[in-house]
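# Just a sequence and a predicted model for now, questions to come.
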Amino acid sequence: MKLAVIAATVGCAAAFAPSQQGRITTQINDAPAAMSDLKSLAEKSNPVLKYYDPLELASTTIWGESNEATIAFLRHSEIKHGRVAMAAFVGYIVQSNGAHFPWPISFDGSPFPSGAGSPPEQWDALPAAAKWQIILFIGFLEWFSEAAGTHYMRGGTPGAFPKFSDHSDLVPHPVPLNLFDPFGFSKNKSEEAKAAGLVKELNNGRLAQIGIIGFLSEQKLEGSVPLLKGIVSHYDGEPMAPF
C-alpha cells in the first residue's frame, strides 16, 4: 500500500498532461499534431478549464529528447500514476475497513496484519520478505513495460501496457492472463467507447491522486484536510518510507 502511495505522489507533477490512447493516438514524431491532440483531449477531460499548462511543461524538452517525446513522457507519467493512485485510494478504503485475503500471509500461518491499524501501519507490520516481493514484482512490471513493444517516447502509445502473450521471451514463465484487460472485455468495444473510457480514466486518476494524498496528509497533520478530521487516524510513521 505504501509503495503504491509513493508512486502516486510522483505522478502529481505530471497531472496537467492529458493521456492519449485508442482513437486519439498520434505517432510521437509530429510536434504540431502531438500538441493538437494534447489540447483536444484536455478540452474533453475538462470542458471548463480546457488546456491549462501554466508551467509550459508541454513546450519544453527533457533529457535531450524532442518536444514530442517529452509530451509522450508526461502523458505516460500521468496515466501510470493515475492508475496507481486509483489502486492506492481503493486499497486504502478496503484496508481501513479490515478487509483482507482469508488465507495466511506466510507458511507459518501468520495472518494478514489487518489489526495493526491504518493502511500505512499495516504496511509497517508486513515482514521484510513480503515487502520485497511486492517491490520486486512492481519492478518487473516497470521493466517489462519499458522493454517490450514500441516505446511510448519512440512512436508508441502513452499508457499502453504491453501484452505478456506478445513478449513471452521477456517473461520468465508462462502467464495465462495479460495485465490490461485480462478477460478481453474491451477488445470488442468501439473506438468511440474506448476514447470515452480513457477520458474517464484520466479524470478518475487525477481525482484519486488528490484523494490518496488527502488521506495521508490528514494522517500526518491532523486538521490539514478538514473533511477527513476524525475519519482517519493519526500516523506517527513516515508514509513515504518503504522500510
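Cool, got the structure.
# Could you name the helices and strands sitting against whatever helix or strand Phe137 lives in?
Using DSSP states H and E, Phe137 maps to helix 128-147. Secondary-structure packing of helix 128-147 (3 or more CB pairs under 8 Å, 6 or more residues apart in numbering; DSSP states H and E): helix 2-11. For the C-beta atoms, the positions are set from N, CA and C on the backbone; glycine is no exception.
# give me every residue that touches Gln95.
Met1, Ser114, Ser118, Pro119, Gln122 (CB atoms under 8 Å, 6 or more residues apart in numbering).
# now the last one: how far from Ala147?
Computed with CB to CB, to the nearest Å, the distance linking Gln122 and Ala147 is 32 Å.
# Looking only at neighbour counts, state which of these two leads.
Gln122 (20 against 11; other CB atoms under 10 Å).
# so which helix or strand takes in that one?
With DSSP H and E as the criterion, Gln122 is inside helix 119-125.
# Quick one: list the elements packing against that helix.
Partner elements for helix 119-125 (3+ CB pairs under 8 Å, 6+ apart): helix 2-11, helix 67-96.
# returning to that earlier point: now the contacts of Gln95 in a markdown table, with distance to Asp53 and pLDDT?
As requested, the contacts of Gln95 are exported to a markdown table (distance: CB to CB, whole Å; pLDDT from 0 to 100):
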| residue | distance to Asp53 | pLDDT |
| --- | --- | --- |
| Met1 | 32 | 47 |
| Ser114 | 43 | 88 |
| Ser118 | 36 | 93 |
| Pro119 | 33 | 94 |
| Gln122 | 38 | 94 |
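# Which single one of the residues you listed is nearest to Phe180?
Met1 (21.8 Å; CB to CB).
# Return the most buried member of the helices and strands packed on helix 119-125.
Per-stretch averages of neighbours, counted by mean count of other CB atoms under 10 Å, single out helix 67-96 among the helices and strands packed on helix 119-125, with a mean of 22.
# and the direction of it versus that of helix 128-147, what angle?
Here the directions of helix 67-96 and helix 128-147 differ by 150 degrees (axes from the mean of the first three to the mean of the last three CA atoms, to 10 degrees).
# ok so, going back, quick one: the helices and strands packed on helix 119-125 as CSV, columns for mean pLDDT too.
Listed next are the helices and strands packed on helix 119-125 as CSV, based on pLDDT from 0 to 100:
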stretch, mean pLDDT
helix 2-11, 42
helix 67-96, 93
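# got those as JSON lines, with distance to His151 columns?
Formatted as JSON lines, those follow (distance: least, CB to CB, whole Å):
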{"stretch": "helix 2-11", "distance to His151": "19"}
{"stretch": "helix 67-96", "distance to His151": "9"}
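# do you know which of those helices lies nearest Tyr235?
helix 2-11 (10.4 Å).
# Past the closest one, which element shows up next along the chain?
Sequence-wise, the next helix or strand downstream of helix 2-11 (DSSP H and E) is helix 31-45.
# What are the buried residues along that next one?
Counting neighbours by 16 or more other CB atoms under 10 Å, one finds that the buried residues in helix 31-45 are Ala34, Met35, Asp37, Leu38, Ser40, Leu41, Ala42, Lys44, Ser45.
# ok, now how distant is Leu57 from Glu78?
Leu57 is 11 Å from Glu78, by CB to CB.
# on that earlier part again, identify the residues contacting the helix holding Phe137?
3, 7, 105-106, 123, 161-162, 164, 167, 170-171, 179, 242-243.
# what pLDDT, on average, does stretch 210-229 get?
Averaged across stretch 210-229, the pLDDT comes to 94.
# And that stretch, end to end?
With CA to CA, to the nearest Å as the measure, stretch 210-229 spans 16 Å from end to end.
# where does this structure dip in pLDDT?
1-31 (pLDDT under 70).
# Now do stretch 186-203: distance to the chain's middle.
17 Å (CA atoms, centre = their mean, to the nearest Å).
# Tell me which residues of that stretch come out buried.
Quick answer for stretch 186-203 (16+ other CB under 10 Å): Ala195, Leu198, Val199, Glu201, Leu202.
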